[in-house]
Structures are given as C-alpha cells and as structure tokens.
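Engineer: No letters, just coordinates:
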Ligand SMILES: Nc1ncnc2c1ncn2[C@@H]1O[C@H](COP(=O)(O)OP(=O)(O)O)[C@@H](O)[C@H]1O
Ligand SMILES: [Mg+2]
C-alpha cells in the first residue's frame, strides 16, 4: 500500500524517510533545550504553507510574536504568507480547567490546517493542573438520560476523578464530557494525560509534530511519550565536536536510517549535512 507522506520542510531529510512523515501521524521531537526543536517545527509549517498545506502552531512556551521573530532570523516571514495560512495559538497557563483540546480543534478549523505543531508536551505536563480535555463516557451514557446526574455522580465516586459537563461546543458529541485535570499531579496522571492528548491528536486529520524535553539520556521526562507516538526524532549535541545531531529513531511504516545525522543551523534554519557519523 502506498502511504501518503507529508514533507518535513527540512532540506535533506525527506529522502531519508521515504518522502516525509506518514500522513496523520504523531512525531515526537525530543531533545534538550536549544537543540533546534522549535526551529524544526517552524520550518515544517512554513514550508507546508508555501505548498498550500496550512498549519497551526500550538505554543505553551513562547508568544506568537516571539515565534515569528525567531522564524524571521532564518528568513521565514510568516506575516508575508498572508492571512489564513499558519495560525499561532498561545495557550494560556493561568486559566483553570482550560479546554485545550477544543482550542486546538477550533484553530485547525479556522485555517483548514493539515499540519499541526504542539510545543511542548512537557509544558503541558508541567501545567497539567490547569487543563481539561473532552472525553467520551463509555457505557452508552447519554446526556439526555433522565438519570444522568445521578449516574455521573455514581461514576465520579467510582473512578475518583472529577468529571464535569463541558459547555458543549458545536459539533461535539453528546456523550462528550470534560475531564478536569485539577487534582492530577502524580506521574501516573501525567502519563494518562499524555496518552489521552496524543490519542486525541490522532483524530484531527492533521500530521503532527510534538516537541518535548529529554533528560541527559535522551529520554522524555514523562517516560511514555516515545512509545505513544508513531515517529521519534532525537535532537542532540555532540559535546566533543560541538556539533548538532539528529536521529530518526522510530517512524512507523517507514524505512529509515538509524545513525546520527549531522545537522547545522544555517541561514535558512536546520539542514542536514552530507557527512554522517
Ligand atoms: N541565527 C542562528 N544561527 C545558528 N544557530 C542559531 C541561530 N539562532 C539561534 N540558534 C541556535 O538555536 C537554538 C534555539 O533553537 P530552538 O529551536 O529554539 O531550540 P529548542 O530545541 O529549545 O526548541 C539556540 O540556542 C542557538 O543555539
Ligand atoms: Mg523550543
């Protein structure tokens, strides 16, 4: 079967991954600070927009102005692309029970996006108490059920998590409630929300890049996101040589090299160098 691909926008990378990321996949960009994850993600959206593949940048770390100005350093003028191509969305971190998922879905609809960047999963995890995410109640529970409140109460007590009815937005399934994360602070809860967010992102019809932090061993801090995604690209720095590296460690449905690729941040952003280790 021929797999539809979405080009990465990084010079030299597509030919190593059979033409691009599999359409509608989640790829994790994992690395320590300053390794180039955000620049990579900006290139992905900028190059896409030039080909009429619109994008959304969900940022929990930087303002839209900061991201655009970072992109400008590498000749990517997002304002010049025109309206309705790439939407930068700042996620507030000071709103209790913020429905992040609806915010993402609305943004995608606004620009008819086929590319999505989420920067970063770790910032989401670190601020997890502030969010709520829509979930569907299993077991055929419908909001029209006359015994709904009683039933919800019973289930709430059962699962000991706090469920709330979401203000139902247009097009939302009747069974959708909002899962408030207010009291979730353990590592297990972070992992549960990581899975939930990544799963929800797979239903968006967009091809997604998700940036997150790594520790010294190049592992994610939440310890599960590598497993929950379709693709994993690790960003590193070769301390001895003072050079940057990138390694495609996992990409489902794709034959790809496993060696560390030497990269540099040049005038147009991240590019692969000819010579590899
Ligand atoms: N004009 C430039 N030329 C080369 N490298 C740059 C330039 N501007 C920034 N950098 C490098 O890019 C890094 C920031 O990259 P970024 O993608 O924001 O990292 P992160 O992985 O934390 O998202 C800086 O720490 C710096 O090392
Ligand atoms: Mg970053």
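Structural biologist: That came through fine. On a predicted model such as this, the values are computed, not experimentally measured, just so you know. Numbering: from 1, shown residues only. Ligands and ions are numbered 1, 2, ... in the order given.

Engineer: So, low pLDDT: which residues of the stretch 51-200 of the chain?
Structural biologist: Low-confidence segments of the stretch 51-200 of the chain (pLDDT under 70): 133-189.

Engineer: mind redoing it with 90?
Structural biologist: Applying pLDDT under 90 to the stretch 51-200 of the chain picks out residues 95-102, 125-126, 128-197, 200.

Engineer: how about the strands in it?
Structural biologist: With strands called from DSSP state E, counting those that start in this stretch, the stretch 51-200 of the chain shows them at 55-59, 86-90, 98-99, 115-119, 131-136, 163-164, 176-180.

Engineer: What strands line up against the first one, and which way round?
Structural biologist: Partner strands and pairing direction for strand 55-59 (DSSP bridges) are strand 86-90 (parallel), strand 115-119 (parallel).

Engineer: I'd guessed residue 29 sits against residue 41; true?
Structural biologist: Yes. Using CB atoms under 8 Å, residue 29 is in contact with residue 41, at 6.7 Å. Bear in mind the C-beta positions are built from the backbone N, C-alpha and C, glycine included.

Engineer: Quick one: closest of the strands paired with strand 55-59 to ligand 1.
Structural biologist: strand 115-119 (7.3 Å; CB to the nearest ligand atom).

Engineer: Now tell me what touches the closest one from outside.
Structural biologist: Residues outside strand 115-119 that contact it (CB atoms under 8 Å, 6 or more residues apart in numbering): 6, 37-38, 41-42, 44-45, 48, 53-62, 104, 108, 124, 201, 204, 206-211.

Engineer: What's the PyMOL line that selects buried ones from those residues?
Structural biologist: Remark: buried members of the contacts of strand 115-119, expressed as a PyMOL selection using 16 or more other CB atoms under 10 Å:
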select buried, resi 6+37+38+41+42+44+45+48+53+54+55+56+57+58+59+60+62+104+108+124+201+204+206+207+208+209+210+211
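
Engineer: report the longest helix in this protein, please.
Structural biologist: helix 187-202 (DSSP state H).

Engineer: Show me what secondary structure element comes after it.
Structural biologist: strand 207-213 (DSSP states H and E).

Engineer: Fine by me, we can end here.
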